[in-house]
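In: Quick one, fold the following:
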Amino acid sequence: MHNERRITCRNYDRSFRGRFQWRFNGSSVFPSYTKTAREQLIFLNGSNAKRRQLVGTYDCCVKENIGDGCYRTRLVLKDAVQTIGLNVENTSEVIAVEGNSYFLRLFPSKKRKSIICTHNGNATLPENIVFNTKGAHQQKKFHDFYQMKISDIDATNAGKYICESTVLDKGPLRKVFTVLVEKEKRISLMTRQPNRKSCSLPIRPTLATFLITCFLQCLFSVN
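Out: Just a heads-up that it's a prediction; the model follows:
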């Protein structure tokens, strides 16, 4: 999803002019890089890198004349993202694929006393990087924190990194490397299963609404 993409709520009674209520995996809290606009769910630019977080069910709920109903679209990954470990002790360049996660080993030792990294000259690293810059000195087992983890890598992670570390058995070390982030070259990264009536029921259904909803669900299940 290199550009903005949209999912449209379908199959509902077209005479409906009220409010659309969207849910992601049953919750009103949606992943980042998404927004809703009436009957449309929009995946914003940059969402491709976060595609691991977008997998799940999206329900669009409406109040129809025949009763409240929710219509469900399920998104699954066509090509799974990966978590990859790389030893970059002897290289100055890391080529990464957008959306994958990476564990980077920078120094030839697991036992570090401290480490400070900058990214493109900034002392604050991108939010999706987990490292021991903040917590290693508070931990008793330093060797548990010897890799840099970049989760769901995206364009904001590209650039030059300079890391300086005090290693317990080797003294001070310095590592300089560049990260290049390539976009996934496959045509389609996500596939959408057919939009159909979900199993959601109105908050306070009448008996007639309940029977009609169950009947429609049975029809969709058969088809």
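
In: What mean pLDDT does the host helix or strand of L104 get?
Out: Using DSSP states H and E, L104 maps to strand 101-105. For strand 101-105, mean pLDDT rounds to 89.

In: so what secondary structure elements neighbour whatever helix or strand comes next after it?
Out: The helix or strand immediately downstream of strand 101-105 is strand 112-119, counting by DSSP H and E. Other helices and strands packing on strand 112-119, by 3 or more CB pairs under 8 Å, 6 or more residues apart in numbering; DSSP states H and E, are strand 159-167. Where C-beta positions appear, they are placed from N, C-alpha and C, glycine not excepted.

In: could you dump the strand it packs on to PDB, C-alpha only?
Out: The C-alpha trace of strand 159-167 is given here as PDB (Å, rounded to 0.1, in the frame of the first residue of the first chain):
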ATOM      1  CA  GLY A 159      19.800   7.400   7.300                       C
ATOM      2  CA  LYS A 160      23.100   7.400   9.200                       C
ATOM      3  CA  TYR A 161      23.500   5.900  12.700                       C
ATOM      4  CA  ILE A 162      26.500   6.500  14.900                       C
ATOM      5  CA  CYS A 163      26.700   4.300  18.100                       C
ATOM      6  CA  GLU A 164      29.300   4.600  20.800                       C
ATOM      7  CA  SER A 165      29.500   1.900  23.400                       C
ATOM      8  CA  THR A 166      31.600   1.000  26.400                       C
ATOM      9  CA  VAL A 167      32.100  -2.800  26.300                       C
END
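
In: So which bits of the helix or strand following it are buried?
Out: Downstream of strand 159-167, the next assigned helix or strand under DSSP H and E is strand 171-182. Neighbour-count burial for strand 171-182 flags 173, 175, 177, 179, 181 (criterion: 16 or more other CB atoms under 10 Å).

In: got a list of what the third one touches?
Out: When contacts are counted by CB atoms under 8 Å, 6 or more residues apart in numbering, F177 touches 88, 91-94, 106, 160-161.
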